[in-house]
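Trainee: Sequence and predicted structure below; questions after.
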Amino acid sequence: MRITNQKQLVELLAEVSVELVEEYLGKRTPSHYTGVRFATEAFLRTYNLKGSNFEETPDRVSNMWKTFFTPIKYTLTTFPLKKKGGMILIKNHECWSFCPHHLLPVKYLVKVGYVPEKLVLGLSKLARIADIMMQKMPLQEDLAEMIASRIIESIEPKGVGVVVTGEHMCMKMRGVESSHVNAVSTFMWGVFLDDVKARDEFLSL
Ligand SMILES: [Zn+2]
């Protein structure tokens, strides 16, 4: 609908406000249009950001978040363990998320390993589990445990270890403003917790 007079505009705004109020009260699931798009428009207005460069920005921002939150389709494939002994791990898996406190980007390098008991996971699934957690915008302090818990509940291994290194834009461009600082967090479970040799091997690989 093309708005040509003030009356039409008032009517449209009244309609949109009802939607926004209902969304705010939890009576309606927010849509990308009324949610992110309007928030971006309000943000641009607040800081007086206007001109041709910003014309499509609300749409672009809305689409960007839509892509980020598009559910990742995957099946957690498991196979029976054929040969006992040894650990399976992936490392340097790079994934991106946003910190929940500032909504600024965080680049994570993830290392995940486990010692199987009866089942093994498809190798790519370890990376997939980390990718899925990114959409929850986790606090880094919780991320390693979140990844480990998903593995524990799916294959009940003998042990799981996760090391997460996070490069937080909220630390680099604001706050402590330290351009080389990274945050490291770990979570060890089962044999990685009880057996120092197993844990050292995992950490050294
Ligand atoms: Zn932050």
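Mentor: Great, that's in hand. These numbers were taken from a predicted model, which means no experiment stands behind them.
Trainee: Show me how far the worst-scoring helix or strand of the chain on mean pLDDT is from its chain's centre.
Mentor: Least confident helix or strand of the chain, by mean pLDDT, DSSP states H and E, is helix 6-24 with a mean of 75. Helix 6-24 sits 32 Å away from the centroid of its parent chain (CA atoms, centre = their mean, to the nearest Å).
Trainee: packing partners for the following helix or strand past it?
Mentor: For helix 6-24, the following helix or strand on the C-terminal side (DSSP states H and E) is helix 38-46. Secondary-structure packing of helix 38-46 (3 or more CB pairs under 8 Å, 6 or more residues apart in numbering; DSSP states H and E): helix 57-69. Bear in mind the C-beta positions are built from the backbone N, C-alpha and C, glycine included.
Trainee: Which strands or helices does the following helix or strand past the helix it packs on pack on?
Mentor: Sequence order places strand 78-80 as the next helix or strand after helix 57-69, per DSSP H and E. In terms of contacts (3+ CB pairs under 8 Å, 6+ apart), strand 78-80 is packed against strand 119-121.
Trainee: just to revisit the earlier point, buried residues in the least confident helix or strand of the chain, which are they?
Mentor: Buried residues in helix 6-24, counting neighbours by 16 or more other CB atoms under 10 Å, are found at 19-20, 23.
Trainee: Give me the angle between it and helix 38-46.
Mentor: 120 degrees (axes from the mean of the first three to the mean of the last three CA atoms, to 10 degrees).
Trainee: Quick check: phi and psi on the residue positioned nearest the centre of the chain?
Mentor: What sits nearest the mean C-alpha location of the chain, by CA atoms, centre = their mean, is residue 134, with 1.8 Å. Here is the backbone geometry of residue 134 (degrees, to the nearest 10): phi -60, psi -30.
Trainee: quick revisit: out of the buried residues of helix 6-24, which one sits closest to residue 51?
Mentor: When the buried residues of helix 6-24 are ranked by distance to residue 51 (CB to CB), residue 20 comes first, at 26.1 Å.
Trainee: Identify all contacting residues around stretch 76-87.
Mentor: Applying CB atoms under 8 Å, 6 or more residues apart in numbering, the external contacts of stretch 76-87 come out as 113-122, 125, 128-129, 154-155, 159, 198, 201-202.
Trainee: of these, list those near the ion.
Mentor: With CB under 5 Å from the ion as the criterion, the contacts of stretch 76-87 include none near the ion.
Trainee: For this structure, which residues score under the pLDDT cut-off?
Mentor: By pLDDT under 70, the low-scoring segments of the chain are 1-2, 30-34, 176-177.
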